[in-house]
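J.: got a structure for you, letters missing:
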């Protein structure tokens, strides 16, 4: 039976994405980006997704108190995911990620009856497309050749799948994103949405999310509450310079002769 785009799929996707970012966090953090080498982009992404995953878990826990047969719907789950990412967004990276999830939620929680008759594959295609639009709207000066371009490539590949099921759409988005990543020049330092982002950071970020899609397509769903341990946020700001010691005398500039 092919995977179904439902609340359980949203919960599983959040858990797998959180696990993937947990493994890639240090690799992304290691990137020094102009003008400040914060070293926290991966951590910010991880904490943002963690907030989204916790919000989805809270929805499931709320229904569990109503009885064993009570389950949240897709719209309720994606709204919780988007809201959790928004309130837990860290840094520029988390803010843009929240915009992507917001676009997904806007598509999967429609008010018109015509949209509800679409199959899961078409709804996922439209959700990925809307996520791109939402991300561009959230960036003051979008730059091509960055993660935004990769997001467009993923949505384009998903749209080209025709009448496939939602798992095939997810796989196509993964392949499209991977192809776009391979076309990204190695070592490029093009800014994405602000000084915190670079193309190399985008490569690690999309690689983590693409792996979670591939895992979901294979039907691998972790048990409920499957979460890696929470990571303490790193200290922000620059380190203070150590005071001079007697072993290292202070160097003073020579005085200029008077004219």
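T.: Now that the structure is in, tell me what you want to look at. Values in this document were obtained by computation on a predicted structure and should not be read as measured data.

J.: every contact and neighbour count from this point should use C-alpha atoms.
T.: Fine.

J.: for the stretch 1-150 of the chain, which spans come out with low pLDDT?
T.: 1-2, 31-37, 111-116 (pLDDT under 70).

J.: got it, and the stretch 151-259 of the chain?
T.: Looking at the stretch 151-259 of the chain by pLDDT under 70, you get 185-259.

J.: if we use 80, what do you get?
T.: 162-164, 181, 184-259 (pLDDT under 80).

J.: find the helix or strand that residue 140 is a member of.
T.: Counting by DSSP states H and E, there is no helix or strand that carries residue 140.

J.: give me the three-state assignment for the nearest residue to residue 176 once chain neighbours are set aside.
T.: When the adjacent residues along the chain are set aside, residue 176 lies closest to residue 154, with 4.7 Å between them (Cα to Cα, 6 or more residues apart in numbering). The assignment at residue 154 comes out as helix when based on DSSP: H, G, I helix; E, B strand; the rest coil.

J.: in contact with residue 76: list those residues for me.
T.: Counting by Cα atoms under 8 Å, 6 or more residues apart in numbering, residue 76 touches 7, 59.

J.: ok, it to residue 119 distance?
T.: 18 Å (Cα to Cα, to the nearest Å).

J.: so residue 46 sits against residue 24, correct?
T.: No - applying Cα atoms under 8 Å, one finds residue 46 not in contact with residue 24, separated by 9.2 Å.

J.: between these two, which has more neighbouring residues?
T.: residue 46 (29 against 18; other Cα atoms under 10 Å).

J.: and that one, what helix or strand is that in?
T.: Per DSSP H and E: helix 41-64 holds residue 46.

J.: I'd like to check the angle between the helix or strand following that helix and helix 41-64, please.
T.: Per DSSP H and E, the first helix or strand lying C-terminal to helix 41-64 is helix 74-87. Relative orientation of helix 74-87 and helix 41-64, computed by axes from the mean of the first three to the mean of the last three Cα atoms, to 10 degrees: 140 degrees.

J.: which elements pack onto whatever helix or strand comes next after helix 74-87?
T.: Downstream of helix 74-87, the first helix or strand assigned by DSSP H and E is helix 91-108. Secondary structure elements in contact with helix 91-108, counted by 3 or more Cα pairs under 8 Å, 6 or more residues apart in numbering; DSSP states H and E, are helix 41-64, helix 74-87, helix 120-137.

J.: the same query, at a cut-off of 10 Å, please.
T.: helix 41-64, helix 74-87, helix 113-116, helix 120-137, helix 199-217 (3 or more Cα pairs under 10 Å, 6 or more residues apart in numbering; DSSP states H and E).

J.: in a markdown table: those helices, plus distance to residue 165.
T.: As requested, the helices and strands packed on helix 91-108 are exported to a markdown table (distance: least, Cα to Cα, whole Å):
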| stretch | distance to residue 165 |
| --- | --- |
| helix 41-64 | 24 |
| helix 74-87 | 17 |
| helix 113-116 | 16 |
| helix 120-137 | 5 |
| helix 199-217 | 10 |
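
J.: residue 101: which of those helices is closest?
T.: Between residue 101 and the helices and strands packed on helix 91-108, the tightest spacing by Cα to Cα is seen for helix 74-87, at 5.2 Å.

J.: in the closest one, what's buried?
T.: Neighbour counts over helix 74-87 (16 or more other Cα atoms under 10 Å) mark 74-86 as buried.

J.: repeat for stretch 47-66
T.: Per 16+ other Cα under 10 Å, stretch 47-66 contains these buried residues: 47-57, 59-60.

J.: identify, from those residues, the entry nearest to residue 90.
T.: Of the buried residues of stretch 47-66, the one sitting nearest to residue 90 (Cα to Cα) turns out to be residue 48, at 6.1 Å.

J.: so who does the residue lying closest to the closest one once chain neighbours are set aside touch?
T.: Nearest residue to residue 48, sequence neighbours excluded (Cα to Cα, 6+ apart): residue 89, at 4.8 Å. Going by Cα atoms under 10 Å, 6 or more residues apart in numbering, residue 89 touches 44-52, 83, 95-99.

J.: please consider this matter closed, and thank you.
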